[in-house]
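**Q** structure, please.
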Amino acid sequence: MIRRIRGWTVWALVVAACGVPTVAITQELAWFDGGTLVGREVISVAPGPARCGWESAAFLRMTWPPGEATDEVRLYVRDPEEVLPPERLAAPFGLYASLPDGARFTGLETETFQLWVAPDSDVYVYVVYGPRVEAWPRTDPDLDC
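**A** Numbers count the residues shown, from 1 in each chain. Sure thing, here's the model as predicted:
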């Protein structure tokens, strides 16, 4: 019985330590819609500016509705280290999120990520990679430090 408990404990610690891997966005990403490259004026993701100390964050700037060439621009942020002032975000960043009811795939994707939106798109967009879903909160499109 003791061996079984010890074995279970070790296994549980390994799973907790390994978890689901995260990614760091260290350069601008190319986005595609149905295999066609989408221009930076429609969607872009890039690391935050080093001059602000925000390089661990990533900023997703896109036209709204997603994938369409319109004048409305929205900015969402991935901030796992919480370097941005929380009062500048519509909600906290969600490292371990789930797709909400009504979420839909926008068709926009990189080699790694898929972009999803939901009825709460004024607050979040959802970035999916592998088994992971992250909730990126909206912020002011003119955010600067």
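**Q** now the helices for this protein?
**A** 2-18 (DSSP state H).
**Q** can you check which strand is longest in it?
**A** Identified as the longest strand of the chain according to DSSP state E is strand 132-139.
**Q** quick one: contacts of it?
**A** Contacting residues not belonging to strand 132-139 are listed as 20-22, 60, 74-78, 84, 88-99, 116, 121-128 [C-beta atoms under 8 Å, 6 or more residues apart in numbering]. Quick note: C-beta positions are derived from backbone N, CA and C, even for glycine.
**Q** could you turn the buried ones of the residues you listed into a PyMOL selection?
**A** Of the contacts of strand 132-139, the buried ones go into a single PyMOL selection, burial set by 16 or more other C-beta atoms under 10 Å:
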select buried, resi 60+74+75+76+77+78+84+89+93+94+97+116+121+124+125+126+127+128
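**Q** coming back round to it: now the longest strand of the chain: mean pLDDT?
**A** Mean pLDDT, strand 132-139: 96.
**Q** any idea how far L29 is from G48?
**A** Distance of G48 to L29, given as C-beta to C-beta, to the nearest Å: 14 Å.
**Q** okay, those two: which has more neighbours?
**A** The residue with more neighbours, out of G48 and L29, is G48; 21 against 16, by other C-beta atoms under 10 Å.
**Q** which residues does the closest residue to the more buried one other than its chain neighbours contact?
**A** Distances taken as C-beta to C-beta, 6 or more residues apart in numbering place W54 nearest to G48, at 3.0 Å, with adjacent residues excluded. By C-beta under 8 Å, 6+ apart, the residues touching W54 are 47-48, 83-84, 145.
**Q** next: A46.
**A** 25, 27-29, 58-59.
**Q** tell me where the chain has strands.
**A** 31-33, 36-38, 43-47, 58-63, 73-78, 104-109, 114-117, 124-129, 132-139.
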